[in-house]
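>>> let me see the structure of the following:
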Amino acid sequence: MTYQGPNPDIIKSMFKKVAPSYDRGNDILSAGIHHLWRKKLVRLSRTQPGMAVLDCATGTGDLAIEFKKVVGPTGSVIGTDFCEDMMLTAPQKAQNQQLDIQYQTADVMNLPFADGQFDRVSISFGIRNVQDPQKAISEMARVTKSGGQVLILEFGQMKTPVVKDLYNFYFEKVLPYVGGLVTGQTEAYKYLQKSSSKFPCREDFLSWMDQTQHFSTTSYTSVSFGIAYIYQGIKR
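Coordinates of the predicted model:
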């Protein structure tokens, strides 16, 4: 399976433009359901108090916040993103909930952390935007402890009849238009639709994880009829 990811300079520029209205756009376009997906990922991860977590492509920090609620004051959470502008509001969001989370600029394909440093390493709606997703998966696995988990939340393609057709109409016709009205960045939501419609999912994505040879087991869980998928890999 050959896959060529997007140009990182174009992606960084796009997210820099959409950053100020990113949260508002997400909440309106998904009716807030993306928060439930992140909460489910954390539940599936069986993260425990005191653990060390790295959240890659953290953006405005929603998944990092969910992890910090679980690991507590004895645990640590670091959020990274290669687009610094996307993280501008993240520290205040965490502070508003009295959560101590570190943030730093870093590319998921070249993480500045030691081998086996974290119990959990995650990325939500970011792997699709990486130029070389398999390299990113390998990097995430590298900094994960043996027995720890790599967790990936990403859009895919639905299989459920009728629901699939209704959702595809919304995703192709409605979302880019409304997203443009809400954020002023129509092209960003056209990119979201196009990239999600062809991004490998389910078994195809698991094959990427398996090919890295970093994992003893890999699995996926669909959310909301397969709008998105949660992938889990147990580090060897």
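
>>> restricting to C-alpha, output stretch 113-130 in CSV.
Coordinates of each C-alpha in stretch 113-130 appear next as CSV, following Å, rounded to 0.1, in the frame of the first residue of the first chain:
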residue,chain,number,x,y,z
PHE,A,113,12.5,12.4,23.6
ALA,A,114,14.4,9.4,24.9
ASP,A,115,13.5,5.8,23.9
GLY,A,116,10.9,4.3,26.2
GLN,A,117,10.1,7.5,28.1
PHE,A,118,6.3,7.3,28.1
ASP,A,119,3.6,4.9,29.2
ARG,A,120,1.1,6.2,26.7
VAL,A,121,1.7,8.1,23.4
SER,A,122,-1.2,9.4,21.5
ILE,A,123,-2.3,11.5,18.5
SER,A,124,-5.8,12.5,17.6
PHE,A,125,-6.8,13.7,14.1
GLY,A,126,-3.1,14.3,13.3
ILE,A,127,-1.7,11.2,11.7
ARG,A,128,-3.6,11.9,8.5
ASN,A,129,-1.8,15.2,8.2
VAL,A,130,1.7,13.7,8.4
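
>>> so Trp208 touches Ile137, yeah?
Yes: here Trp208 reaches Ile137: they are 6.2 Å apart, a contact under C-beta atoms under 8 Å. For the C-beta atoms, the positions are set from N, CA and C on the backbone; glycine is no exception.

>>> more neighbours: these two, which one.
Ile137 (29 against 20; other C-beta atoms under 10 Å).

>>> quickly list what the closest residue to Pro91 other than its chain neighbours is bridged to.
Excluding the flanking residues, the one nearest Pro91 by C-beta to C-beta, 6 or more residues apart in numbering is Tyr103, at 6.0 Å. Counting by DSSP bridges, Tyr103 is bridged to Gly79.

>>> how many other residues sit next to Tyr103?
Count around Tyr103 with other C-beta under 10 Å applied: 20.

>>> repeat that for Gln4.
Count around Gln4 with other C-beta under 10 Å applied: 7.

>>> report the separation between it and Phe199.
Gln4 sits at a distance of 12 Å from Phe199 (criterion: C-beta to C-beta, to the nearest Å).

>>> what's the answer for Val150, then?
For Val150, the distance to Phe199 equals 17 Å [C-beta to C-beta].
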